[in-house]
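Undergrad: below are the sequence and a predicted model; questions follow.
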Amino acid sequence: MANRARILVSVMNGNWMKKNALRWRWLWLASLMVIIPGCAGEETSCFGNSDCDTCEACVNGSCVTDAELCGQDPCEGVVCDNPPASKCIDADTLQVFHQGGNCVDGDCAYGSDEVTCANGCEQDACKDEPCAGITCDQPPVNKCQDETTLLEYANTGTCSAGECDYSESETTCDYQCQLGACVADPCADVLCNTPDDDVCEDQNTLLVYQNPGTCSAGKCSYPSQPQTCDHGCAQGACLPAACAGITCDTAPDACHQAPGVCVEGICQFDPVSDCLNNDACCPLGCGPTSDNDCLDCEDEQYPCPTGCCDWKVDLVARSGGYQTSLVLDQNQFPHISHNSSSIGDLKYAHWDGENWQLDLVDTGADAAGETSLALDQSGKPHILYQNLSTHKMIYRSYEGPGWLPQDVDPLSNVEDFSSMVLDQQDIAHIVYRDSKTSTLKYARQNGATFNIEDIDTDNPCGTEPSLQVDALGFAHVSYFYNETRVLKYARQTASGWDIHEVELLGDSYVSGIGYSSLVLDADGNPHIAYFDEYANKLKYAYWSAGNFLTVTVDAVSNAGLFASLALDRKGHPHIAYQNTSGQFKYAFFTGQGWEIMMVDISYGMGEHCSLALDDNDHPHISVRYQSDNSLYYVHW
């Protein structure tokens, strides 16, 4: 660089330039070729070392620092403490460089060692031991090899190549292998000594279940053996011996007349026609108009009719008692709906523990059709009845101090034959006969309106319907088909109505009335009491083994009018009814046979009766007494 400076100084000498003008031009051009200024910090081109500074050398046309020219050690100040990273030189060898190196000609050189990797060299490092840090204490879940063989794994295992291995063993189960474990015999401690109750397979066959039974998979089964019943089967038992050889020529007391009639081995007798209050049959009176109600009924000289003295008779209301409906509240107090056809008033009565409280629900409404009463969860009454002037069916709920009315089906014509219940959510369910089409319909409450659907459109049908609702909210109905007088039963399902024929009573319609009363047992199976107007008998039908079995309850005196059914805590039926002689009767099944009691022998007592049983299975009955056109409450 000093030489270049000297050339420039000489060039810039003015005298020299004047004397050597031509030479100056060529030298100036040559200097432009040699001395080309660059950007700050950039190397300047050179032709030889003479064009460079003292400690520089011209290398490839550029001046670079040369330590030897300056007499310096190239390794001076060089620290070799940053060796190259270790690296794999093959699959099993790792080259590891020493931490401290040596400077040679200004460059660092590092020694190295070759390390053999026991588990191989990968990604410039020896691979770790694969089992390092692995604890083999999570064995697989035991599993069943087959129905009786259990494959078990040791709780601790060994590690190899990073994988745990657990030893296996097989165990033969004494009973069975299920879900990876041996299970004990589920029948080991099971005693099969509670067979199902015997049931009637049909009217003449009893299915008797074996005791003890057999256990399989923890469940008992009881084989059944059919047994032929010579005298019929009812309520899970063969009926007692038939009436062959039995004569009913001796009346049981002064209030019954001989001869009687043997029904399924039991003699039944008509009461004497002139057994009135205060006569030789019952001197202190059995009828509702008596003040004494058989207080001296133990007098052996003048015995009362069977059961007369067990009954208490209370006058509820004068001028009424038609189409009664009775229910008991939580206190076992009675509530009764009824009407008076003479003036058409709809009435409601209830016992408050001391007195009868009477309420006029609807006056002048021609409410002479059937009434249905139900109490909701809070004890408020709900009543269904027909307004015979408009032929509409009215549903009323007590909203204190008044009754809220709803027209159930504005498009139908309803003159009679209806039934209503409330379900567990206090929703009203109603069945009724549409007089326009002579078909049976069903209505379910939906807020302020009712959803309507057909049950049976086989015209003409739907007389004397009786309704119940099961625990799932499905409706069950008994009713009559009038053309051939068939008792039918309809069960609501998720897809529609399942209709069964209970009994064909006759091959043509008769003008009589066949009353039906339906109740569901604890299993939701139907039981029906009804009047067979062809045979003039009180009958009872119940569901068993997929069909209905029928039993004649009372074959004496054309019994069965106004039949009202209830089931006691054992599921045994109780029926209140009237015979065509106008006498009030009560029948119940004891488990062995039917007991029939005369509630009252007064003519006309027992019309429009409605029965309910209290928590002690004692009967409570609302009834009309024809002689004084009044509503009575009869109970034990």
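TA: Done, it's in.
Undergrad: can I get stretch 541-554 as CSV, trimmed to CA atoms?
TA: In CSV, the C-alpha atoms belonging to stretch 541-554 read as follows (Å, rounded to 0.1, in the frame of the first residue of the first chain):
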residue,chain,number,x,y,z
ALA,A,541,-113.2,-63.8,34.3
TYR,A,542,-109.4,-63.5,34.9
TRP,A,543,-106.3,-63.6,32.7
SER,A,544,-104.2,-66.8,33.1
ALA,A,545,-101.5,-68.4,30.9
GLY,A,546,-102.4,-66.2,27.9
ASN,A,547,-106.2,-66.4,27.9
PHE,A,548,-109.2,-65.7,30.0
LEU,A,549,-110.7,-68.2,32.4
THR,A,550,-114.4,-67.8,33.4
VAL,A,551,-116.1,-68.8,36.6
THR,A,552,-119.8,-68.7,37.6
VAL,A,553,-120.0,-66.9,40.9
ASP,A,554,-123.8,-66.8,41.6
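Undergrad: who's Ala541 bridged to?
TA: Ile528, Thr550 (DSSP bridges).
Undergrad: which residues of the stretch 151-300 of the chain score low on pLDDT?
TA: Residue ranges of the stretch 151-300 of the chain with pLDDT under 70: 240-245, 252-256, 263-266, 270-300.
Undergrad: if you set the cut-off to 80 instead, what comes out?
TA: By pLDDT under 80, the weakly predicted segments of the stretch 151-300 of the chain are 203, 230-235, 239-247, 251-257, 260-300.
Undergrad: show me where it has its strands.
TA: Ranges of strands in the stretch 151-300 of the chain, per DSSP state E, counting those that start in this stretch, are 158-160, 163-165, 168-172, 176-178, 181-183, 199-202, 205-209, 214-216, 219-221, 224-228, 233-234, 237-238, 256-263, 266-271.
Undergrad: format these as TSV; extra columns: mean neighbour count and distance to Trp351.
TA: Every residue, glycine included, has its C-beta placed from N, CA and C. Formatted as TSV, the strands of the stretch 151-300 of the chain follow (neighbours: other CB atoms under 10 Å; distance: least, CB to CB, whole Å):
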stretch	mean neighbour count	distance to Trp351
strand 158-160	13	85
strand 163-165	14	81
strand 168-172	11	72
strand 176-178	16	60
strand 181-183	15	60
strand 199-202	19	40
strand 205-209	18	43
strand 214-216	14	53
strand 219-221	15	47
strand 224-228	12	47
strand 233-234	24	36
strand 237-238	18	38
strand 256-263	16	33
strand 266-271	20	30
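Undergrad: now distance to Pro139 too, for the ones you listed, in CSV please.
TA: Listed next are the strands of the stretch 151-300 of the chain as CSV, based on distance: least, CB to CB, whole Å:
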stretch, distance to Pro139
strand 158-160, 12
strand 163-165, 8
strand 168-172, 9
strand 176-178, 18
strand 181-183, 14
strand 199-202, 54
strand 205-209, 49
strand 214-216, 34
strand 219-221, 35
strand 224-228, 50
strand 233-234, 62
strand 237-238, 61
strand 256-263, 76
strand 266-271, 75
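Undergrad: nearest to Asp329, of the ones you listed?
TA: strand 233-234 (33.4 Å; CB to CB).
Undergrad: buried ones in stretch 598-614?
TA: 598-613 (16 or more other CB atoms under 10 Å).
Undergrad: lowest-confidence helix or strand of this protein?
TA: helix 2-11 (a mean of 40; mean pLDDT, DSSP states H and E).
Undergrad: contact partners for the residue sitting nearest the centre point of the chain?
TA: What sits nearest the mean C-alpha location of the chain, by CA atoms, centre = their mean, is Leu472, with 7.8 Å. Taking CB atoms under 8 Å, 6 or more residues apart in numbering, we find Leu472 in contact with Gly524.
Undergrad: please begin residue numbering at 843 from this point
TA: Let's use 843 as the start, then, which means that last one is Leu1314.
Undergrad: mind checking how far it is from Lys1283?
TA: According to CB to CB, to the nearest Å, Leu1314 and Lys1283 sit 21 Å apart.
Undergrad: list phi and psi for the residue nearest to the centre of the chain.
TA: Per-residue torsions, Leu1314: phi -90, psi 0 (degrees, to the nearest 10).
Undergrad: separation between the nearest residue to Asp979 once chain neighbours are set aside and Gly975?
TA: Spatial nearest neighbour of Asp979, chain neighbours left out: Thr998 (5.6 Å); criterion: CB to CB, 6 or more residues apart in numbering. For Thr998, the distance to Gly975 equals 16 Å [CB to CB].
Undergrad: cool, Val1041 as well?
TA: 70 Å.
Undergrad: just Tyr1384 next, same as before
TA: According to CB to CB, Tyr1384 stands 75 Å off from Gly975.
Undergrad: okay, those two: which has more neighbours?
TA: More neighbours surround Tyr1384 than the other of Tyr1384 and Gly975, with 23 against 8 (other CB atoms under 10 Å).
Undergrad: so what's the residue count around the closest residue to Glu1241 other than its chain neighbours?
TA: Excluding the flanking residues, the one nearest Glu1241 by CB to CB, 6+ apart is Lys1222, at 7.9 Å. Neighbours of Lys1222 under the rule other CB under 10 Å: 13.
Undergrad: quick one: residues contacting Lys1222.
TA: Contacts for Lys1222 (CB under 8 Å, 6+ apart) come out as Ser1239, Tyr1240, Glu1241, Gly1242.
Undergrad: pretty sure the second one contacts Asp1218?
TA: No: Tyr1240 lies out of contact with Asp1218 (CB atoms under 8 Å); the separation is 9.2 Å.
Undergrad: and the strands in the stretch 1343-1478 of the chain?
TA: Using DSSP E, counting those that start in this stretch, strands in the stretch 1343-1478 of the chain cover 1358-1362, 1368-1374, 1379-1386, 1389-1396, 1401-1409, 1415-1421, 1426-1431, 1436-1442, 1447-1455, 1461-1467, 1472-1477.
Undergrad: average pLDDT for the first one?
TA: Strand 1358-1362 comes out with an average pLDDT of 96.
Undergrad: okay, the angle between that strand and strand 1447-1455?
TA: Interaxial angle of strand 1358-1362 relative to strand 1447-1455 (axes from the mean of the first three to the mean of the last three CA atoms, to 10 degrees): 10 degrees.
Undergrad: list the buried ones in strand 1358-1362?
TA: Within strand 1358-1362, the residues that count as buried by 16+ other CB under 10 Å are Ser1358, Ser1359, Leu1360, Val1361, Leu1362.
Undergrad: likewise the fifth one?
TA: Within strand 1401-1409, the residues that qualify as buried by neighbour count (16+ other CB under 10 Å) are Ala1401, Gly1402, Leu1403, Phe1404, Ala1405, Ser1406, Leu1407, Ala1408, Leu1409.
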